[in-house]
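K.L.:
Model the structure of this input:
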Amino acid sequence: MAQSVVLARHGETEWSLSGRHTGTTDLLLTEAGRRQATALGPRLSPWTFSLVLTSPLRRALDTCRLAGYVERARVMPDLVEWNYGRYEGLTSKEIEALDPNWSLWRDGGPGGETAADVGRRADRVIAEVRRVAGDVLIFAHGHVLRVLASRWIGQPPDGGRHYALQTATLSVLSYEHADSVFQHWNLPPTT
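P.N.:
Numbers count the residues shown, from 1 in each chain. This next block holds a predicted model:
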């Protein structure tokens, strides 16, 4: 059983900077995002990871590479970001103009995924992680990591709505006695 699961959200992209819903669109990191990703390496150095997983999307893969872990990483398609369907690339304000009552967590992405869909993917990741003896490192995206965290503590996928997660942050899931817990959440990048 994994002792700690370290979640690393990818560095800044143009769309994360402008507030656009970035699901399956394969964006590059900004220059600031590349610096953030590089800065993750020293922050992760206290751990010895038995397994490193990454989303196949470039912003996560590049974060993994710049942090110094891509050679050890296994790409896991279940770690891709939430598919926002027709709302991909839109800002919350643009979506509100189309549907003032829409909630990603309740309604999902029209033509994309629901919270339950993402929850099933998160459950597969958790099952994989729990088979590992030692610490695990995961490079992925804001919404999928929030769902994964919610499922880690036995909550429904839409519980992730309560966990803010900024770019280039680290979070640590672990255990206290037999209970799954958040040890740290949304630790900001060092400046």
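K.L.:
where along the protein do the strands fall?
P.N.:
2-9, 49-54, 73-75, 134-140, 170-176, 179-187 (DSSP state E).
K.L.:
which one of the ones you listed lies closest to Glu81?
P.N.:
strand 134-140 (7.5 Å; Cβ to Cβ). The way it works is simple: take the backbone N, C-alpha and C, and place the C-beta from them, glycine included.
K.L.:
angle of that closest one against strand 49-54?
P.N.:
Counting by axes from the mean of the first three to the mean of the last three Cα atoms, to 10 degrees, strand 134-140 lies at 10 degrees to strand 49-54.
K.L.:
strand partners of strand 134-140, parallel vs antiparallel please.
P.N.:
strand 2-9 (parallel), strand 49-54 (parallel) (DSSP bridges).
K.L.:
the inter-axis angle of it versus strand 170-176?
P.N.:
140 degrees.
K.L.:
what about strand 134-140, average pLDDT?
P.N.:
Per-region confidence: strand 134-140 scores 98 on mean pLDDT.
K.L.:
one step back: need the winner for burial among the strands paired with strand 134-140.
P.N.:
Highest mean neighbour count of the strands paired with strand 134-140: strand 2-9, a mean of 22 (counted as mean count of other Cβ atoms under 10 Å).
K.L.:
who's the nearest residue to Tyr69 once chain neighbours are set aside bridged to?
P.N.:
Spatial nearest neighbour of Tyr69, chain neighbours left out: Val52 (4.9 Å); criterion: Cβ to Cβ, 6 or more residues apart in numbering. Beta-bridge pairing of Val52 under DSSP bridges involves Ala73, Leu137.
K.L.:
thinking again about what came up before, quick one: closest of the strands of the chain to Arg151.
P.N.:
strand 179-187 (9.3 Å).
K.L.:
now the strands of the chain in CSV, with distance to Asp62?
P.N.:
Formatted as CSV, the strands of the chain follow (distance: least, Cβ to Cβ, whole Å):
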stretch, distance to Asp62
strand 2-9, 12
strand 49-54, 10
strand 73-75, 12
strand 134-140, 9
strand 170-176, 17
strand 179-187, 20
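K.L.:
Could you point out which of the ones you listed sits nearest Arg43?
P.N.:
Of all the strands of the chain, strand 170-176 sits nearest to Arg43, with 6.3 Å by Cβ to Cβ.
K.L.:
how far does the helix of greatest length in the chain sit from the chain's center?
P.N.:
For the chain, the helix that runs over the most residues, judged by DSSP state H, is helix 115-130. The chain centroid and the centroid of helix 115-130 are separated by 12 Å, computed with Cα atoms, centre = their mean, to the nearest Å.
K.L.:
What of stretch 151-171?
P.N.:
So, by Cα atoms, centre = their mean, the centroid of stretch 151-171 is 8 Å from its chain's centroid.
K.L.:
and it, what's its mean pLDDT?
P.N.:
Per-region confidence: stretch 151-171 scores 97 on mean pLDDT.
K.L.:
Next, the distance between the ends of it.
P.N.:
Taking Cα to Cα, to the nearest Å, the first and last residues of stretch 151-171 lie 15 Å apart.
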